[in-house]
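give the three-dimensional model of this entry:
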Amino acid sequence: MHLDKIRHIIKQGESLHVEFKKSQFDLNKDVFDSVCAFLNRCGGHLLLGVSDQGDIEGIYDDCVNDILKNLVINANNPNKLNPPCYVAAEVVELEGKNIIYTYIPESSQVHSVNGKIFDRNEDGDLDITKYPDRVSLRDRVFKTVIPLKGLDISANEGVNEGVNEGVNEGVNELLKAIEKKPGKRVPYYVSIMGIPEKTIERWLKQLRDGGTVEFRGAPKTGGYWKVK
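Have a look, this model is predicted:
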């Protein structure tokens, strides 16, 4: 891909279609969560050697080939990613540093990584394995349809409603977790729900803005409580 295009993607930041991973020494453990989520959703750009904030950290020179090899080989390994997929990745140099870029296409199949199914939600990957009924409704869960002029908008309402239901259910699950274990912080909810930190923070903001939960205590020692 042209370097200007890659710079533009990085400048736009992480989103439904863009994911950054530092991977300076080795592949991040959750790289294939994102690969799986992109396959199951609408495809996306994966960049290794870039921080979450979009800073070009670079991959260490003596690690580039191993990281590239591990990415391509594991993507084609059904014991890792099932069904497997072919990944065409390239090493590019930006600001004098090496990064790896690849585009993961949308798939017509439902993929899993290490037995878990992931979906893409804005700038995070959602583990939806515990909702097997959603997998059978793949067109409603994995696909967000944006109505265009001249198309029957009513035909898309069920799809968007299904996606929104998935997000709302996640928020409700988080609220239940806060009720059960009040005073906990973001890392706790990440660990018990298997949801990316960014997604948990976004859901917490939604709950705070709605006056449902509040943060009590000092920034480093406090936690979240449901507002009675």
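
C-terminal to the helix or strand residue 119 falls within, what's the next element?
According to DSSP states H and E, residue 119 maps onto strand 118-121. Next helix or strand after strand 118-121 toward the C-terminus (DSSP H and E): strand 124-127.

elements contacting that following strand?
helix 31-40, strand 118-121, helix 197-209 (3 or more CB pairs under 8 Å, 6 or more residues apart in numbering; DSSP states H and E). Using the backbone N, CA and C atoms, a C-beta is placed for each residue, glycine as well.

what comes into contact with the strand holding residue 119?
Here strand 118-121 makes contact (CB atoms under 8 Å, 6 or more residues apart in numbering) with 16, 33-34, 36-38, 40-42, 44, 112, 125-128, 141-142, 166-167, 199.

just put the helices and strands packed on strand 124-127 in CSV and tack on distance to residue 59.
Shown next, in CSV, are the helices and strands packed on strand 124-127 (distance: least, CB to CB, whole Å):
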stretch, distance to residue 59
helix 31-40, 13
strand 118-121, 24
helix 197-209, 23
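
and the ones you listed as TSV, adding mean neighbour count, distance to residue 187 and mean pLDDT?
Converted to TSV, the helices and strands packed on strand 124-127 look like this (neighbours: other CB atoms under 10 Å; distance: least, CB to CB, whole Å; pLDDT from 0 to 100):
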stretch	mean neighbour count	distance to residue 187	mean pLDDT
helix 31-40	26	17	94
strand 118-121	24	19	86
helix 197-209	17	7	83
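
among the ones you listed, which comes closest to residue 93?
Closest approach to residue 93 among those is made by helix 31-40 (20.7 Å; CB to CB).

can you name the next helix or strand after the closest one?
strand 44-48.

paired strands for that next one, with orientation please.
strand 18-21 (parallel), strand 97-104 (antiparallel) (DSSP bridges).

what about the nearest residue to residue 188 once chain neighbours are set aside, neighbour count?
What sits nearest to residue 188 in space, not counting adjacent residues and going by CB to CB, 6 or more residues apart in numbering, is residue 181, at 7.1 Å. By other CB atoms under 10 Å, 13 other residues sit near residue 181.

can you show me the strands along this protein?
18-21, 44-48, 81-82, 89-94, 97-104, 112-113, 118-121, 124-127, 213-216, 223-226 (DSSP state E).

residue 29: which of those strands is closest?
Among the strands of the chain, strand 18-21 sits nearest to residue 29 (CB to CB), with 9.8 Å.

give me the residues contacting the closest one.
In contact with strand 18-21 (CB under 8 Å, 6+ apart) are residues 9-10, 12, 14, 27-28, 30-31, 34, 38, 44-52, 54, 123, 125.

filter the residues you listed to the buried ones?
Buried members of the contacts of strand 18-21, scored by 16 or more other CB atoms under 10 Å, are 9-10, 14, 27-28, 30-31, 34, 38, 44-50, 123, 125.

so what are the domain limits for this structure?
The chain breaks down into these domains under automatic domain parsing: 3-104, 144-226.

next, residue 78: phi, psi?
In terms of degrees, to the nearest 10, the main-chain angles of residue 78 are phi -60, psi -20.

now it: closest residue in space that isn't a chain neighbour?
Closest to residue 78 by CB to CB, 6+ apart is residue 84, at 4.9 Å.

from residue 45, how far off is the one you found?
For residue 84, the distance to residue 45 equals 20 Å [CB to CB, to the nearest Å].

next up, the contacts around residue 10.
Contacts of residue 10 by CB under 8 Å, 6+ apart are 20, 47, 50, 54, 56, 94.
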